[in-house]
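Asker: Model the following, please.
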Amino acid sequence: MSVAVAPKTLTAADRCDRCGAQAYVRAVLASTGGVLLFCAHHGRDVEPKLRPQASEWVDESERLEAGPSAED
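Answerer: Take a look at the predicted model:
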């Protein structure tokens, strides 16, 4: 069985599972190891319910205020 390793930083290629916008939040589900990606808006929306079920919660939404980088 192979396990996917999530990259350390989300890139412009990572898209929100809800709306398709650029993802800034990554949640790894503790029960299955599945990875969910969300834009900043949807990440804030699902965080109260989903975060307790996540083994990893990465929120990079502060990058929105920093402006574009070479990777974006």
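Asker: Would you verify that residue 31 is located in a strand?
Answerer: No. For residue 31, which was evaluated using DSSP: H, G, I helix; E, B strand; the rest coil, the result is coil, with no strand membership.
Asker: Now it: closest residue in space, sequence neighbours ignored.
Answerer: Excluding its sequence neighbours, the residue lying closest to residue 31 (Cβ to Cβ, 6 or more residues apart in numbering) is residue 53, at 6.9 Å. Just so you know, the C-beta spots here come from the backbone N, C-alpha and C atoms, and that holds for glycine as well.
Asker: Could you list everything the residue nearest the centre of the chain pairs with in the sheet?
Answerer: For the chain, the residue nearest the mean C-alpha position is residue 26 (2.1 Å; Cα atoms, centre = their mean). With DSSP bridges applied, the residues forming beta bridges to residue 26 are residue 37, residue 58.
Asker: so it sits right up against residue 37, yeah?
Answerer: Yes. With contacts defined as Cβ atoms under 8 Å, residue 26 counts as touching residue 37 at a distance of 5.7 Å.
Asker: overlap in contacts of the two?
Answerer: Jointly contacting residue 26 and residue 37 under the rule Cβ atoms under 8 Å, 6 or more residues apart in numbering are 10, 14.
Asker: Residue for residue, what is the longest helix this structure has?
Answerer: Counting residues, the longest helix found in the chain (DSSP state H) is helix 40-50.
Asker: Only alpha carbons, please: show that helix as PDB.
Answerer: Presented in PDB, the C-alpha positions along helix 40-50 are these (Å, rounded to 0.1, in the frame of the first residue of the first chain):
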ATOM      1  CA  ALA A  40      -9.800  30.500   2.700                       C
ATOM      2  CA  HIS A  41     -13.500  31.100   2.700                       C
ATOM      3  CA  HIS A  42     -14.600  27.500   2.700                       C
ATOM      4  CA  GLY A  43     -11.800  26.600   5.100                       C
ATOM      5  CA  ARG A  44     -13.200  29.000   7.700                       C
ATOM      6  CA  ASP A  45     -16.700  27.700   7.000                       C
ATOM      7  CA  VAL A  46     -15.900  24.000   7.700                       C
ATOM      8  CA  GLU A  47     -13.200  24.400  10.300                       C
ATOM      9  CA  PRO A  48     -15.400  24.200  13.400                       C
ATOM     10  CA  LYS A  49     -16.900  20.800  12.400                       C
ATOM     11  CA  LEU A  50     -14.000  19.300  10.400                       C
END
